[in-house]
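**Student:** Please work out how this folds:
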Amino acid sequence: MIILIDTLFRFTGIGLLLLLAVLSLRDVRKTNGAIYLILACISVSALFLGYTGGTVQLPRILSIAVRVLDVPHLIFIWLFALSLFQDQFRLTLLHGVIGMAYCLPIIYVRLAGFGLVAAFPFWVIILGNVSTIVLMAHLVISTLMGRASDLRESRRNSRIYFVAIIAFVAIITALTEIIFTGDKLVYLPTAKVIIIWPAIVWACYWILEAKTDALEFVAKNCSEFSGGEMSYRNKELAKALEKEMLVNRAFLETRLSISILARRLSVAPHRLRELINQQLGYQNFNVYLNAYRIDAIKQAFSDPKNEHIPILTIVMEYGFNSLSPFNNAFRAKEGVTPSEYRTSLNIKT
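**Tutor:** Below is the predicted model:
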């Protein structure tokens, strides 16, 4: 009976993962997230195929290959989440270093299990478990922290679902590690497959239900802000927003949020998010605020009386809490560093 259940969940899971990978191919050119989702599907499929506990017998060479291939599945899921929920995400050397640091101890354990390398010390397993916890914690925290400034309503909601699925799988998996010990250890691979299976089904439903817009979070229904000319009511909201930003200079407030701004304008936060996103073209509230801040800072740079004032001093006066976020935002908007821009002004007193 257990073999039948295992086979059912294991191979339907692999089939759904391959379907999800194929569906994601259509979005590769439109979003970076698609490639990481495809790689995650392939790696989790390898996990399903190789981590069997003996219910499925593979040739030795194939078994080694799939057990190594499944190692980076959490790295690919992590990168997928970052690319999905961070508008400015770019794969960097740091991501590669983290990926290698995470994978190498686990690969060593895998190879030791096949007798290809010397037995590993116990601390290698501890390191692997700690690394997994840290990786998933970063995924959850970064996903939730970005929700407040996210202007795409569908993506804001998806952050909650994504974290809920990750938390569910992580918690239940941890419990199975405690429950399935001793004679019950043989059932652990089947239990993990069953735990992961609902997450795969949800991902397939999400991609299929959202059609071609899943990884871009394009609204399926036309809103009152989408396309065409805005109504009188929405034009008034846009004017009120512009007044709050330019006349009242709300962008100078370091703790300004979409909720605070919406309350001042006497509208619901979701209406203000839609206006800024669908009419003004911003996906992130912080990017919207920084556009005003950077314009004001550029004017301050061009003022001869500020020539000898340090950049940090000016930046702190215009809503930024530190220099690093300002440098990143300035370069993303202007294409040069603040120092390069300031030097190019060649101010004469």
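
**Student:** Every contact and neighbour count from this point should use C-alpha atoms.
**Tutor:** OK.

**Student:** low pLDDT regions in the stretch 151-300 of the chain?
**Tutor:** When the per-residue scores of the stretch 151-300 of the chain are filtered using pLDDT under 70, the ranges that remain are 209-230.

**Student:** Neighbours of the residue nearest to Arg147 when sequence neighbours are not counted, how many?
**Tutor:** Counting by C-alpha to C-alpha, 6 or more residues apart in numbering, Arg147 lies nearest to Arg156, which is 5.5 Å off, once chain neighbours are set aside. Using other C-alpha atoms under 10 Å, Arg156 is surrounded by 19 other residues.

**Student:** Quick check, Arg156 in contact with Phe162.
**Tutor:** No - contact between Arg156 and Phe162 fails when scored by C-alpha atoms under 8 Å: they sit 10.2 Å apart.

**Student:** quick one: common contacting residues for those two?
**Tutor:** In the contact map built from C-alpha atoms under 8 Å, 6 or more residues apart in numbering, no residue is linked to both Arg156 and Phe162.

**Student:** residues in contact with the helix or strand containing Ser142?
**Tutor:** Taking DSSP states H and E as the definition, one finds Ser142 inside helix 122-145. The contact list for helix 122-145 (C-alpha under 8 Å, 6+ apart) reads 74-75, 78, 81-82, 85, 102, 105-106, 109, 159-160, 163, 166.

**Student:** at 7 Å what do you get?
**Tutor:** Trp78, Ala81, Phe85, Tyr102, Pro105, Ile106, Arg159, Val163 (C-alpha atoms under 7 Å, 6 or more residues apart in numbering).

**Student:** Buried residues of the helix or strand following that helix, list them for me.
**Tutor:** With elements assigned by DSSP H and E, the helix or strand that comes after helix 122-145 is helix 153-179. Taking 16 or more other C-alpha atoms under 10 Å as the basis for neighbour counts, the residues of helix 153-179 that come out buried are 153, 155-156, 158-159, 162-163, 165-166, 169-170, 173, 176.

**Student:** Including distance to Asp70, could these go into TSV?
**Tutor:** Rendered in TSV, the data for the buried residues of helix 153-179 read as follows (distance: C-alpha to C-alpha, whole Å):
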residue	distance to Asp70
Glu153	34
Arg155	28
Arg156	30
Ser158	26
Arg159	25
Phe162	21
Val163	22
Ile165	20
Ile166	18
Val169	17
Ala170	17
Thr173	17
Thr176	20
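
**Student:** and of those residues, the nearest to Lys184?
**Tutor:** Distance to Lys184 across the buried residues of helix 153-179 (C-alpha to C-alpha) is lowest for Thr176, with 10.1 Å.

**Student:** Let me see the contact set for that closest one.
**Tutor:** Leu188.

**Student:** Tell me how far it lies from Thr7.
**Tutor:** 19 Å (C-alpha to C-alpha, to the nearest Å).

**Student:** before we move on, what about Tyr187?
**Tutor:** Computed as C-alpha to C-alpha, the Tyr187 to Thr7 distance reads 13 Å.

**Student:** what's the answer for Glu244, then?
**Tutor:** When C-alpha to C-alpha is the yardstick, Glu244 and Thr7 sit 61 Å from each other.

**Student:** Ile195 is in contact with Val169, correct?
**Tutor:** Yes - with contacts defined as C-alpha atoms under 7 Å, Val169 counts as touching Ile195 at a distance of 6.3 Å.

**Student:** So this structure: which segments form each domain?
**Tutor:** By the assignment in automatic domain parsing, the chain contains the domains 2-213, 232-345.

**Student:** Which residues are in contact with Asp6?
**Tutor:** For Asp6, the contacting residues are Thr190, by C-alpha under 7 Å, 6+ apart.

**Student:** The helix or strand containing it: what's the following helix or strand?
**Tutor:** Using DSSP H and E, Asp6 sits within helix 2-24. For helix 2-24, the following helix or strand on the C-terminal side (DSSP H and E) is helix 33-50.

**Student:** okay, Leu82: pLDDT?
**Tutor:** If you check Leu82, the pLDDT there is 92.

**Student:** That one: neighbour count?
**Tutor:** Counted with other C-alpha under 10 Å, the neighbours of Leu82 add up to 21.

**Student:** picking up where we left off before, surely the residue nearest to Arg147 touches Ala148?
**Tutor:** No - the criterion here is C-alpha under 7 Å, and Arg156 misses it with Ala148 at 8.0 Å.

**Student:** roughly how far apart are the residue nearest to Arg147 and Leu275?
**Tutor:** Distance, Arg156 to Leu275, by C-alpha to C-alpha: 15 Å.

**Student:** Roughly how far does the closest residue to Ile276 other than its chain neighbours sit from Ile294?
**Tutor:** On the basis of C-alpha to C-alpha, 6+ apart, the spatially nearest residue to Ile276 that is not a chain neighbour turns out to be Tyr282, at 6.0 Å. Distance from Tyr282 to Ile294, counting by C-alpha to C-alpha: 15 Å.

**Student:** Likewise for Ile196?
**Tutor:** Distance, Ile196 to Ile294, using C-alpha to C-alpha: 45 Å.

**Student:** Same check on Leu8?
**Tutor:** The gap separating Leu8 from Ile294 is 57 Å, by C-alpha to C-alpha.

**Student:** Before I go, just wanted to say thanks for your time.
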